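Engineer: Pasted the sequence and its predicted model underneath.
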Amino acid sequence: MTKKIALIGSTGSIGRQVLSIVKENPWLSVVSLTAHTNRELLEEQIIEYNPRVACLTGCDQPPAAPKVVEVYSGADSIERAITADADIVFVAVTGFCGLRAVLAAIEAGKTVALANKEALVCGGEIVMAKAKAKGVEIIPVDSEHSAVWQALGFKRQGFKRLILTASGGPFRQAKTCEMRHFTAKDALAHPNWSMGEKITVDCATMLNKGFEVIEAHHLFSAPASSIEVVVHPQSIIHSMVEFDDNSVMAEMSVPDMRQPIQLALTYPERLPLNIPTLDLVKLSRLEFFPLDREKFPCFDLALSALSTGANAPTALNAASEVAVNAFLKDRLGFTDIARVIEEVLNKTERTEMTYAALEYTDAVSRRLAMQAADRLGK
Ligand code: NDP
Ligand code: MG
């Protein structure tokens, strides 16, 4: 078996873990790499992984590379990385830009390994319809969705209920009245996972779990009413599936993203992986709690955007990108993230579901979110 990977977003937390799997498996190779701003790391990766194409999407100057490598720069170059010889496109960028990459990969008829949840949050209907029409498989990489897929025996249907687990994030035990005092440093201290900054803050607000409900809705054609969230602080069970006879299948392992990443690349095979084995006796207990929806209003905002449908989830995502960015720069309080999102959702006018309309919604919502963040901010 050999597999050629187009890796979109190679410099991030997921992208670097994809490359660590490539390094350990000589039958995997990289045909293209993209980064946004991290020129230095991209140039190191080009030397080490020897792609045919390399793109720096957030800069005017392409990366330095040996003459045999095609190099590009600018936002439009992301599509150059979806090369004809790629067997799989691994979308590991963060944010709305993932949608563009996913749609281009599907258009080219490529299997997609999808870490970028925003593509489904914003454009789930378009992505899934286009993938179906093109006969393209979207392989989930997000740990909860990979767990559901694994528990279903790599199928997408045949369940009664999906039970997504949430670690509860760093503020699981905080009181509601304490929430407004938390800083970026507090929010970035995730108890179980080491991830990019945006998703780490989204775990602290629980917006991430709302995104994951939307993601599961699209990946498994599951109505929101059949998706439940339970807080499980140990993050050992990555999610569960309940069948008609009330039997429940859980997927478990130590929390390590290399498991769903490698599986997305080796599927339908499972290959050995160098992560610790599960020691249930040492662990001794697994706990479960309800999600405190009053303390984490971002979760309900995501569910409300899902129920509104159309471009509302795109507005939700754009507002969250702006609000989290302002929070990380200490220009907005932690609890004001939800206020910015709510304000933008309330002002969003419904559009049709085309990529162009979503791009427009993304731009308008960012502007609205910046205004709200300036007004509510410090
Ligand atoms: P990071 O912030 O660590 O990495 C983001 C990557 O995307 C970097 O390569 C970055 O480039 C690139 N990028 C950022 N903005 C743009 C843009 N506008 N256009 C093109 N490329 C861009 O994020 P993560 O790796 O943590 O997350 C990636 C995705 O996977 C997210 O959607 C996240 O929700 C999802 N995910 C992540 C998990 C994790 O464990 N990290 C778990 C489950 C899902 P550069 O660094 O060069 O600027
Ligand atoms: Mg997840």
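Structural biologist: Done, it's in. Please read these numbers as outputs of a predicted model, since none were measured by experiment. Residues are numbered from 1 along each chain as shown. Ligands and ions are numbered 1, 2, ... in the order given.
Engineer: and the lengthiest strand in the chain, anywhere near ligand 1?
Structural biologist: In terms of residue count, the longest strand belonging to the chain (DSSP state E) is strand 28-35. Yes. Judged by Cβ under 6 Å from any ligand atom, strand 28-35 comes into contact with ligand 1 at residue 35. From N, CA and C alone the C-beta is placed, and that goes for glycine too.
Engineer: Strand partners (parallel or antiparallel) of that strand?
Structural biologist: Partner strands and pairing direction for strand 28-35 (DSSP bridges) are strand 3-8 (parallel), strand 53-56 (parallel).
Engineer: Can you say which of those is packed in most?
Structural biologist: With neighbours defined by mean count of other Cβ atoms under 10 Å, none of these is more surrounded on average than strand 53-56, at a mean of 26.
Engineer: For it, what does the pLDDT average out to?
Structural biologist: Strand 53-56 shows a mean pLDDT of 98.
Engineer: Name the residues of the stretch 251-378 of the chain found near ligand 2, please.
Structural biologist: Counting by Cβ under 5 Å from the ion, none of the residues of the stretch 251-378 of the chain come close to ligand 2.
Engineer: In the stretch 251-378 of the chain, which residue sits closest to ligand 1?
Structural biologist: In the stretch 251-378 of the chain, the residue that lies nearest ligand 1 is residue 257 (4.5 Å; Cβ to the nearest ligand atom).
Engineer: From residue 115, how far off is that residue?
Structural biologist: Taking Cβ to Cβ, to the nearest Å as the measure, residue 257 and residue 115 are separated by 8 Å.
Engineer: what sits in contact with each of these two?
Structural biologist: 14, 141 (Cβ atoms under 8 Å, 6 or more residues apart in numbering).
Engineer: Compare these two (neighbour count), which wins?
Structural biologist: Of the pair residue 257 and residue 115, residue 115 is the one with more neighbours under other Cβ atoms under 10 Å, namely 30 against 20.
Engineer: Could you double-check that the more buried one lies in contact with residue 89?
Structural biologist: No. Here residue 115 lies out of contact with residue 89, judged by Cβ atoms under 8 Å, at a distance of 11.2 Å.
Engineer: In the chain, where's the longest helix?
Structural biologist: Ordering each helix of the chain by length in residues (DSSP state H) puts helix 355-376 first.
Engineer: in that helix, what's buried?
Structural biologist: Within helix 355-376, the residues that qualify as buried are 357-359, 361-362, 364-366, 368-370, 372-373, 376, counting by 16 or more other Cβ atoms under 10 Å.
Engineer: do the strand or helix carrying residue 304 and ligand 1 meet at all?
Structural biologist: With the criterion set as DSSP states H and E, the secondary-structure element containing residue 304 is helix 297-308. No. When contact is scored as Cβ under 6 Å from any ligand atom, no part of helix 297-308 falls within range of ligand 1; the minimum is 13.2 Å.
Engineer: so what does that helix touch, helix or strand wise?
Structural biologist: In this structure, helix 297-308 makes packing contacts with helix 207-219, helix 312-328, helix 336-347, judged by 3 or more Cβ pairs under 8 Å, 6 or more residues apart in numbering; DSSP states H and E.
Engineer: Out of these, the one nearest residue 78 is which?
Structural biologist: Shortest separation from residue 78 across the helices and strands packed on helix 297-308 is recorded for helix 312-328, at 17.1 Å, computed as Cβ to Cβ.
Engineer: Which parts of the stretch 51-200 of the chain are helices?
Structural biologist: Residue ranges of the helices in the stretch 51-200 of the chain, as given by DSSP state H, counting those that start in this stretch, are 97-107, 118-134, 143-151, 184-187, 197-205.
Engineer: which helices and strands does the last one pack with?
Structural biologist: For helix 197-205, the packing partners by 3+ Cβ pairs under 8 Å, 6+ apart come out as helix 184-187, helix 207-219, helix 312-328, helix 336-347.
Engineer: list the helices and strands the longest one packs on?
Structural biologist: In terms of contacts (3+ Cβ pairs under 8 Å, 6+ apart), helix 312-328 is packed against helix 118-134, helix 184-187, helix 197-205, helix 207-219, helix 297-308, helix 336-347, helix 355-376.
Engineer: go on, the first one?
Structural biologist: If you count contacts as 3+ Cβ pairs under 8 Å, 6+ apart, helix 184-187 packs onto helix 197-205, helix 312-328.
Engineer: Tell me which of those helices is the most buried.
Structural biologist: Ranked by mean neighbour count under mean count of other Cβ under 10 Å, the helices and strands packed on helix 184-187 are led by helix 312-328, which reaches a mean of 26.
Engineer: orientation of that helix relative to helix 97-107 in degrees?
Structural biologist: Here helix 312-328 points in a direction 140 degrees away from that of helix 97-107 (axes from the mean of the first three to the mean of the last three Cα atoms, to 10 degrees).
Engineer: right, is helix 312-328 up against ligand 1?
Structural biologist: No. Applying Cβ under 6 Å from any ligand atom, one finds helix 312-328 out of contact with ligand 1, separated by at least 9.4 Å.
Engineer: Pipe the strands paired with strand 28-35 into JSON lines and attach distance to residue 14 per row.
Structural biologist: Supplementary listing: the strands paired with strand 28-35 in JSON lines, determined by distance: least, Cβ to Cβ, whole Å:
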{"stretch": "strand 3-8", "distance to residue 14": "9"}
{"stretch": "strand 53-56", "distance to residue 14": "17"}
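Engineer: and of the ones you listed, who's closest to ligand 2?
Structural biologist: Nearest of the strands paired with strand 28-35 to ligand 2, taken as Cβ to the ion: strand 3-8 at 18.5 Å.
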